[in-house]
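Student: just to be clear, the model below is a prediction. Sequence and coordinates:
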Amino acid sequence: MSRFDPPLPAIDEIRQANRLFLGYLRSRPEAGAGQLGLTAAATGLLKRASPRQIERAADFPRALFRLRLPPAAGGAVMDPLGFAQESGRRVLGVTLLLCAWNLSRTSAYSARVLLRLDDADIRRFRTAEMAEILAMSGSDDVVCAAFDDLDWIWPVLLTETRPEQRRRLLLIGLQPDFMPRPLPGML
């Protein structure tokens, strides 16, 4: 492993976070379309996907979600007991934020590559205390789908099984700004 390879535990953590995110979207398909940035077509595919398709998509070694950090909470601290009464979306948000917090503190490189966080977000995670992470989760739009600007990628991610196309998809996922359209043979 070179010094630029993300540590394997980081990839495993992202894959587990992807499973949580996809499980949430699948159990609440109405939350995907519009609210979290997926198109109605991608949400429908996700709802109809087999467990194997979901597992294959979750194994994508990059976050299938994006985090949008709210402005600094200004010292506001959430009551952890009141948090227990919150919605599944809130629980998902705090779980994914804690994943990003841990990854940012462990490896800025992994946070940049696997979560697409910028330097300011990584700095903020590295200096945040757990109470601030909990407060951040109160924002309604802290979690959304990754690749929401590439409407073709979710159907391919959920249905493509050919190994060579899965490898191409991985390269695209790691550099989404360079691939606004699918490569020939992907759709």
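Tutor: Yes, it's here.
Student: could you use CA atoms for every contact and neighbour count after this?
Tutor: Fine.
Student: spit out the contact partners of residue 123.
Tutor: Applying C-alpha atoms under 8 Å, 6 or more residues apart in numbering to residue 123 gives the contacts residue 104.
Student: backbone dihedrals for it, please?
Tutor: Main-chain dihedrals, residue 123, degrees, to the nearest 10: phi -60, psi -40.
Student: mind checking pLDDT for it?
Tutor: At residue 123 the predicted local distance difference test score is 96.
Student: closest to the centroid, which residue in the chain?
Tutor: Nearest residue to the geometric centre of the chain (C-alpha atoms, centre = their mean): residue 65, 2.1 Å.
Student: pLDDT weak spots in this protein?
Tutor: In the predicted model of the chain, residues 1-7, 29, 31-35, 73-86, 176-187 satisfy pLDDT under 70.
Student: can you give me the strands in it?
Tutor: Ranges of strands in the chain, per DSSP state E, are 65-67, 143-145.
Student: what's the last one packed up against?
Tutor: So that's strand 143-145. Secondary-structure packing of strand 143-145 (3 or more C-alpha pairs under 8 Å, 6 or more residues apart in numbering; DSSP states H and E): strand 65-67.
Student: and the residue nearest to the centre of the chain, what is it in contact with?
Tutor: By C-alpha under 8 Å, 6+ apart, residue 65 lies in contact with 18, 21, 115, 143, 144, 145, 146.
Student: let's go with 10 Å and repeat that
Tutor: Applying C-alpha atoms under 10 Å, 6 or more residues apart in numbering, we find residue 65 in contact with 14, 17-18, 21-22, 36-37, 96, 115-116, 142-148.
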